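> Fold the following and give me the result.
(one chain, ligands or ions: 1)
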Amino acid sequence: MSGGERILVAEDEPAIADAISYALTAEGYEVDTVGDGDAALASARQEAYDLMILDLLLPGTPGMDVCRLVRAESDVPIVVLTALDAEPDRVSGLDDGADDYVTKPFSMPELISRVRSHLRRRELDRSAALSVRSVGALTLDVARHTASVAGRPLLLTRSEFRLLALLASEPGKPFTREDLIRHLWDSDFVGDRRAIDVHVSNLRRKLEDDRRRPRRLVTVRGVGYKLVAT
Ligand code: CA
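As a prediction, this is how the structure comes out:
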């Protein structure tokens, strides 16, 4: 059972909203549900939620916009629900600041497992000791969740920061996608590998002078990725 964390569920299909709400409540979470994008935005702004589950296809303000607006104001973990036939490049919502996504139709244990791991990870992040780490021009403040390159602040999502912090823990060491997935979701539950590549691509856009010729976040062919001091 959980410690009564509060979760906002934005889903317009009543059967799905009810099923999610029922399952999360049974796990000990406090759940509020809303059925459109405007209510989702208003609730997220009014209340201090510990996590948000956001269907991307909502009436009113589109889910992607809700995601972006909430992320601009808060670091609450956002798990988006996306349709299997969504456009491939928009599949994840990760570009809009979501931490994770689950493709419909999903299994409830899978969704609960993701929720649990994001909440646990948020707890770990909060209790992390103050520590500032530098890798070349890149500086990470692990406690404050801030990062900069040559003094220029980077706007990173929670997942991007977490990936970067792992890579920065051992500069030059190649990490496999499995390492990154395990770290990102804090579980052996195997997430979608594409999510790692999306995060890496987003990180490069923010970290690199030329994202097509990455010098900091480098691909190690046949292995994964490593962070290089430069
Ligand atoms: Ca929907």
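
> residues from the chain in reach of the ion?
Contact residues, the chain versus the ion (CB under 5 Å from the ion): Asp12, Asp55, Leu57. The way it works is simple: take the backbone N, C-alpha and C, and place the C-beta from them, glycine included.

> Would you list the phi and psi of the closest residue to the first one other than its chain neighbours?
Of all residues not flanking Asp12 in the chain, Gly35 sits nearest, at 4.6 Å (CB to CB, 6 or more residues apart in numbering). The main-chain torsion angles of Gly35 are listed as degrees, to the nearest 10 and equal phi -110, psi 0.

> what does Ala137 give?
phi -80, psi -10.

> And it, how far from the ion?
43 Å (CB to the ion, to the nearest Å).

> what do you get for Val76?
Distance from Val76 to the ion, counting by CB to the ion: 20 Å.

> go on, Leu41?
Taken as CB to the ion, the span from Leu41 to the ion is 16 Å.

> That residue: helix or strand, and which one exactly?
Leu41 is part of helix 37-46 when elements are defined by DSSP states H and E.

> May I see the buried residues of that helix?
Buried residues in helix 37-46, defined by neighbour count with 16 or more other CB atoms under 10 Å: Gly37, Ala39, Ala40, Leu41, Ser43, Ala44.

> Just name the closest of those to the ion, please.
Set against the ion, the nearest of these by CB to the ion is Gly37 (10.1 Å).

> What count of nearby residues applies to the nearest residue to the closest one once chain neighbours are set aside?
Take Gly37 and drop its neighbours on the chain: the residue closest to it by CB to CB, 6+ apart is Thr61, 3.2 Å away. When neighbours are defined as other CB atoms under 10 Å, Thr61 has 17 of them.

> Moving C-terminal from the longest helix along the chain, which element do we reach first?
Longest helix in the chain by number of residues (criterion: DSSP state H): helix 108-127. Heading C-terminal from helix 108-127, the first helix or strand you meet, by DSSP H and E, is strand 132-135.

> For that next one, the averaged confidence score.
Mean pLDDT, strand 132-135: 84.

> In terms of secondary structure, what does that strand contact?
strand 138-141, helix 158-169 (3 or more CB pairs under 8 Å, 6 or more residues apart in numbering; DSSP states H and E).

> Relative to that strand, what are the paired strands and their orientations?
In the sheet, strand 132-135 lines up against strand 138-141 (antiparallel) (DSSP bridges).

> I'd say Val31 and Ala19 touch.
No. The pair Val31 / Ala19 is not scored as a contact, 11.4 Å apart, by CB atoms under 8 Å.

> Give me the more crowded residue out of the two.
Val31 (19 against 14).

> ok, what's across the strand from the more buried one?
Ile7.

> for it, what are its contacts?
Arg6, Ile7, Leu8, Val9, Ile20, Ser21, Leu24, Thr25 (CB atoms under 8 Å, 6 or more residues apart in numbering).

> Same check on Val218?
Contacts of Val218 by CB under 8 Å, 6+ apart are Tyr225, Lys226, Leu227, Val228.

> Tell me the secondary structure at it.
Look at Val218: counting by DSSP: H, G, I helix; E, B strand; the rest coil, its state is strand.

> Pairing partners for it in the sheet, please.
In beta-bridge terms (that is, DSSP bridges), Val218 pairs with Lys226.

> tell me the pLDDT at it?
95.

> what's the answer for Ile181, then?
Reported pLDDT for Ile181: 84.

> which stretch of helix or strand covers the residue of the chain found nearest the ion?
Minimum separation of the chain from the ion (CB to the ion) falls at Leu57, amounting to 3.9 Å. Following DSSP H and E, one finds Leu57 outside all helices and strands.
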